[in-house]
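*Asks:* no letters, just coordinates:
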């Protein structure tokens, strides 16, 4: 019984990835174009999210600054989820809802990209970061699920919405991780060309 339940988790995850592949390919490609334009123009990507989405933001920044699968110079990315002094100072002096937006206001420049990750699309501090990014003339790449929530309603024509067509948090987050890998792979492809495996 337990083994069957475990197997079903794998099947459900795989089924969603197959179903989402066609739907998400274009917005992921659009996100790649936005990121490449940002990076080649001397900009940076700021990434934020809560809980599992915070770890996704950090992993994304690590793969940009370090590497994904190919050697290359580091790419400019900052996870806004990692500085405990900033997070606790802003959370204490202002509000938890401001922990990302204050950093976007301080660090963001026109032409930069905000990678905003929210499984529900309703995280108040991520919504505030999106608003701050728009005020700084940044492009927003939003990763969400469950129809996109309020974050989907905030986005402009120049933003990119990658919304996983599912309701369950675990499944949405699994696809988010795949999306981030797709972004890293495709950005490397755009910057470095095809890899010679001979």
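*Replies:* Arrived safely, thanks for sending. As the structure is a computational prediction, the values presented were derived from the model and not from experiment.
*Asks:* CA only for contacts and neighbour counts going forward, please
*Replies:* Fine.
*Asks:* which stretches of the chain form helices?
*Replies:* Listed in chain order, the helices of the chain (DSSP state H) span 2-40, 52-65, 84-93, 101-107, 124-135, 149-154, 169-192.
*Asks:* of all those, which one is nearest residue 143?
*Replies:* Nearest to residue 143 among those is helix 169-192 (6.9 Å), distances taken as Cα to Cα.
*Asks:* which other residues reach the closest one?
*Replies:* With Cα atoms under 8 Å, 6 or more residues apart in numbering as the test, helix 169-192 has contacts from 12-13, 16-17, 28-29, 31-32, 35-36, 52-53, 56, 60, 63-64, 68-70, 119-120, 143-145, 164-166, 195.
*Asks:* swap the cut-off to 7 Å and go again
*Replies:* Helix 169-192 has contacts (Cα atoms under 7 Å, 6 or more residues apart in numbering) with 13, 17, 28, 32, 36, 56, 60, 68, 119, 143, 145, 164, 166.
*Asks:* please apply the same query to stretch 81-94.
*Replies:* So stretch 81-94 is contacted by 48, 54, 98, 99 (Cα under 7 Å, 6+ apart).
*Asks:* residue 76: which of those residues is nearest?
*Replies:* When these are compared for distance to residue 76 (Cα to Cα), residue 48 wins out at 14.7 Å.
*Asks:* number of nearby residues for that closest one?
*Replies:* Residue 48 is flanked by 28 other residues according to other Cα atoms under 10 Å.
*Asks:* in this structure it contacts residue 113, no?
*Replies:* No: assessed by Cα atoms under 7 Å, residue 48 is found out of contact with residue 113, at 11.3 Å.
*Asks:* and the two most separated of the contacts of stretch 81-94?
*Replies:* 54 and 98 (15.1 Å).
*Asks:* mind checking how far residue 186 is from residue 85?
*Replies:* 34 Å (Cα to Cα, to the nearest Å).
*Asks:* likewise residue 140?
*Replies:* With Cα to Cα as the criterion, residue 140 and residue 85 are 25 Å apart.
*Asks:* same question, residue 134
*Replies:* To residue 85, residue 134 is 25 Å away according to Cα to Cα.
*Asks:* of these two, who's got more company?
*Replies:* residue 134 (20 against 9).
*Asks:* and the closest residue to the more buried one other than its chain neighbours, bridged to which residues?
*Replies:* Distances taken as Cα to Cα, 6 or more residues apart in numbering put residue 140 closest to residue 134, at 7.7 Å, once the chain neighbours are dropped. Residue 140 has these beta-bridge partners by DSSP bridges: residue 114.
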